[in-house]
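Participant: here is the input, now give the coordinates:
(chains A and B)
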Amino acid sequence: MTTLAGITQTVPAGSLLPSAAPLQLIDPDGRPGRNPGGLELPEPPVLLELHRRMVLGRRFDRQATTLTKQGRLAVYPSSRGQDGCQVGAVLALRDQDWLFPTYRDTVAIVTRGVDPVEALSLLRGDWHCGYDPYQYRVAPQCTPLATNTLHAVGLAHAARLKQQDQVALVLLGDGATSEGDTHEALNFSAVWQAPVVFLVQNNGYAISVPLAKQTAAPTLAAKGIGYGIPSLLIDGNDAAAVYSAVRGCVERAADGHGPTLIEAITYRVEAHTNADDAGRYRPADEVETWLARDPITRLEAYLKAAGLLDEQAAGRLAAEAERFAERIRDRMNRDVNVDPAELFAHVYAQPTPALEQQRTALLTKLEDTGP
Amino acid sequence: MTATTTAAAPVTTAAPVTTAGLVTTPAAPVTMAAALNRALADSLAADDRVLVFGEDVGTLGGVFRVTDGLAARFGERRVFDTPLAESGIIGTAIGMAMNGLVPVVEMQFDAFAYPAFEQVTSHLAKLHNRTRGHVSLPVVVRVPFGGGIGGVEHHCDSSEAYYAHTAGLRVVTPGTPSDAYRLLRQSIDCPDPVIFLEPKRRYWSKESAVLTADGPAIDRALIRRAGQDVTLIAYGGMVDTALEAAEAAVGEQWDVEVIDLRSLSPFDDATVAESVCRTGRAVVVHEAPGFAGYGAEVVARLTQQCFHYLEAPILRVTGFDIPYPPPQLEHLHLPDVDRILETIAQLQWGDHA
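Facilitator: Here you go, the predicted model:
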């Protein structure tokens, strides 16, 4: 059995702490970041793809918000401003890895390759999850916050037991770090040395509650040391830094070195959802400050300065984004068929006799009266 | 008794299952705890995907010794202790099942399963439905439940109604050692998540029987004792109590049929309604408080299905509507032979005479 003394000898506690300031590869003005730490700047093709996917993701996000105003979606929690996290983290995953998203991570899901219309099923309200998790290795979007952290740890531990090279990336927010499940997941993953990467998108608010009312910890990343988990504090609006950090942690996990905790400092530019009024709890000039740190603008400035992107290419990308949004709009504007019989189909592997009776009764009633 | 054509017809698509048809050969007596241990061992041996984990289930073999020897035999990769965190146990079991494994986890005591309630109700029960059947979670959650062992607070809850109320979960509980073996093997083989409630007061009850997974299916109730006058409906730790009451009732000239529900969810309407329509009287027995208890659902279903066959209202013998009592008072709370007989006596026998 391991003793406390043994742990101290093998893992110097100091190495588990994050940097004092967020690691950054590209600064808000598009210049090389002043605090890269051990992060490596991705190669140009990766930087271009980060930029492209953020532009597409941002357009998707805007389209989803519009669809909400048109009544096509019941609600939409925008991730505008968190684009660097959404795209950087997902592109850092390998094909065989799994993503465990929350309700605010629709852009991440679409970036992973999930059909945008399938991704919007939850919010359109035709089913709770519109995609097959195994097809994309993306878990259903998790609404009870932090509960998905444990699923990620379990899936990753199973991969290890089965000797499969597979890492789980779980997305959570600053608010979710207060939930008990986050504590249990960090602890289980560390004890089991499960190949998991925890990415906390610290966007400053849990709906209306600011971080100062959420925690007294110096940083959220600093909590890692309490579990024996190495942690990173990064600039979440720097997609290159997010990509590099997550990639490094995925490789570390795949090599058998266990979990890591990443805190990415970012900002939720929009309100919690379209049903929320952010003016009640945060000043407008705070939003302005963060708009100046926009993740897309900064990477675009870097790419242009480096001669990797010109106006023509940017124009082509803008046109691609418009076509992308148009296809989504067209498909989402078609009425979706919902099947009342499906209410009873998936409760158990086989419907019970009682469920069969309820289904028959409902369908008979609908035949008589219409839906 | 006159049955009218307007009576709600009981579902009789399947014949009632009884123990009479099972071929058994003499075998050494086995306790329920040992039968459960054998079921876990046999499942671990039969299927590489099966894992057993929880608090103290490894080296110690569980506080009730149900997992005794499994870690030594199957190794720490398949049978292991977890940190002390029930939500963590269920939550990680969900992730493991998503990745193709079959976790059999232990909640150490009924009331200590409550920290995992969100994982059980919001995810374990619903992920299959949420994903239109793409994700199956063949997880078995073993929960020692109920009282009768002199346990202090938080060690004696009957939590079945919480789980039975949650669509997507199967809830089963054995009444005998051989059925504990059978039901656990069946639960581990079941593609649905199963809450497996172990009546801890019967862990040490013995039965001489061949242990086999064959026999009545996981969702079937069993007629443990045939009778003509009244149907006693019980489950888990109350099955033996009901059987004792049935024997005592012979002296009162009541021929009592005893049904062991086995599966609380889904409920075997066919077997139970057939019995109650035949006897015309029924009493439901459980340890849990009566108010909004599992018995209320049983009474409601049977009243609807058997109304025109009933000679008396269906009654319940339950715990009081109180938090579980301290050990020195639990005998007043728990249904016993006397309370069951007193309740049977209230079934309007005089009206019928």
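
Participant: check which helix or strand covers A:A240.
Facilitator: helix A:239-254 (DSSP states H and E).

Participant: next, the angle from the helix or strand following that helix to helix A:239-254.
Facilitator: Downstream of helix A:239-254, the first helix or strand assigned by DSSP H and E is strand A:260-265. Relative orientation of strand A:260-265 versus helix A:239-254 (axes from the mean of the first three to the mean of the last three Cα atoms, to 10 degrees): 170 degrees.

Participant: sheet-wise, list the partners of strand A:260-265 with their directions.
Facilitator: Strand A:260-265 pairs in its sheet with strand A:196-202 (parallel), strand A:231-235 (parallel), by DSSP bridges.

Participant: most tightly packed of these?
Facilitator: strand A:196-202 (a mean of 30; mean count of other Cβ atoms under 10 Å in any protein chain shown). Every C-beta, even on glycine, is put in place using the N, C-alpha and C of the backbone.

Participant: what lies in contact with it?
Facilitator: A:82, A:85, A:89, A:104, A:149, A:152-153, A:156, A:167-174, A:176-177, A:185-186, A:189, A:211, A:220-221, A:229, A:236, A:242, A:246, A:249-250, A:253, A:259-266 (Cβ atoms under 8 Å, 6 or more residues apart in numbering or on different chains).

Participant: ok, now with 7 Å
Facilitator: A:82, A:85, A:89, A:149, A:152-153, A:156, A:167-174, A:177, A:186, A:189, A:211, A:220, A:236, A:246, A:249-250, A:253, A:259-266 (Cβ atoms under 7 Å, 6 or more residues apart in numbering or on different chains).

Participant: so is the helix holding A:A240 next to chain B?
Facilitator: No - figure legend: helix A:239-254 not in contact with chain B (Cβ under 7 Å from any Cβ of the partner chain); closest approach 14.6 Å.

Participant: may I see the buried residues of that helix?
Facilitator: Residues of helix A:239-254 classed as buried: A:239-250, A:252-254 (neighbour count, 16 or more other Cβ atoms under 10 Å in any protein chain shown).

Participant: distance of B:R49 from A:W290?
Facilitator: Distance of B:R49 to A:W290, given as Cβ to Cβ, to the nearest Å: 48 Å.

Participant: please apply the same query to A:T66.
Facilitator: Counting by Cβ to Cβ, the separation of A:T66 from A:W290 is 22 Å.

Participant: between these two, who's got more neighbours?
Facilitator: Between A:T66 and A:W290, counted using other Cβ atoms under 10 Å in any protein chain shown, A:W290 has the larger neighbour count: 18 against 15.

Participant: what's the host helix or strand of that one in contact with?
Facilitator: Per DSSP H and E, A:W290 falls inside helix A:284-291. Applying Cβ under 7 Å, 6+ apart, the contact partners of helix A:284-291 are A:81, A:267, A:269.

Participant: export these to a markdown table and tack on secondary structure?
Facilitator: Below are those laid out as a markdown table (DSSP: H, G, I helix; E, B strand; the rest coil):
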| residue | secondary structure |
| --- | --- |
| A:G81 | coil |
| A:Y267 | coil |
| A:V269 | coil |
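
Participant: list the contacts of stretch B:330-348.
Facilitator: Looking at what lies outside stretch B:330-348 - Cβ under 7 Å, 6+ apart - the contacts are B:147-148, B:156, B:230, B:232, B:238, B:241-242, B:244-245, B:248-249, B:252, B:254, B:281, B:283, B:285, B:287, B:311-312, B:315, B:317-320, B:325.

Participant: just the buried positions in it, please.
Facilitator: Buried, per 16+ other Cβ under 10 Å, within stretch B:330-348: B:330, B:333-337, B:339-341, B:343-344, B:347.

Participant: chain center to that stretch, what's the gap?
Facilitator: Averaged C-alpha coordinates place stretch B:330-348 at 20 Å from its chain's average position (Cα atoms, centre = their mean, to the nearest Å).

Participant: CA atoms of that stretch as CSV?
Facilitator: Taking C-alpha atoms only, stretch B:330-348 is exported to CSV below (Å, rounded to 0.1, in the frame of the first residue of the first chain):
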residue,chain,number,x,y,z
GLU,B,330,-38.1,-1.3,15.6
HIS,B,331,-40.1,-4.4,16.5
LEU,B,332,-43.2,-2.2,16.9
HIS,B,333,-42.6,-0.7,13.5
LEU,B,334,-42.0,-3.8,11.4
PRO,B,335,-44.9,-5.9,10.2
ASP,B,336,-45.0,-9.3,12.0
VAL,B,337,-47.2,-12.4,12.0
ASP,B,338,-49.7,-10.9,14.5
ARG,B,339,-50.2,-7.7,12.6
ILE,B,340,-50.7,-9.6,9.4
LEU,B,341,-53.2,-11.9,11.0
GLU,B,342,-55.1,-9.0,12.5
THR,B,343,-55.2,-7.4,9.1
ILE,B,344,-56.5,-10.6,7.4
ALA,B,345,-59.2,-10.7,10.1
GLN,B,346,-60.5,-7.3,8.8
LEU,B,347,-61.2,-8.6,5.3
GLN,B,348,-65.0,-8.7,5.8
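
Participant: what about residue 49, neighbour count?
Facilitator: Let's take chain A. By the criterion of other Cβ under 10 Å, A:E49 has 17 neighbours.

Participant: try again with chain B
Facilitator: With neighbours defined by other Cβ under 10 Å, the count for B:R49 comes to 20.

Participant: over to A:Q312?
Facilitator: 8.

Participant: again with A:P283
Facilitator: 10.

Participant: pLDDT score for it?
Facilitator: The model reports A:P283 with a pLDDT of 94.

Participant: which non-adjacent residue is nearest B:V30?
Facilitator: Setting aside the residues directly before and after it, B:V30 is nearest to B:P177 in space (Cβ to Cβ, 6 or more residues apart in numbering or on different chains), at 5.2 Å.

Participant: ok so, going back, out of the contacts of helix A:284-291, who's nearest B:V63?
Facilitator: A:Y267 (48.9 Å; Cβ to Cβ).

Participant: for the closest residue to B:Q108 other than its chain neighbours, give me its contacts.
Facilitator: Once flanking residues are discounted, B:Q108 sits nearest to B:E55: 5.2 Å by Cβ to Cβ, 6+ apart. Going by Cβ under 7 Å, 6+ apart, B:E55 touches B:81-82, B:84, B:108.

Participant: ok, B:Y235 next?
Facilitator: Contacts of B:Y235 (Cβ under 7 Å, 6+ apart): B:173, B:175, B:260-262, B:264, B:286.

Participant: quick check, nearest of the residues you listed to B:V120?
Facilitator: Among those, B:L264 lies closest to B:V120 (Cβ to Cβ), at 14.8 Å.
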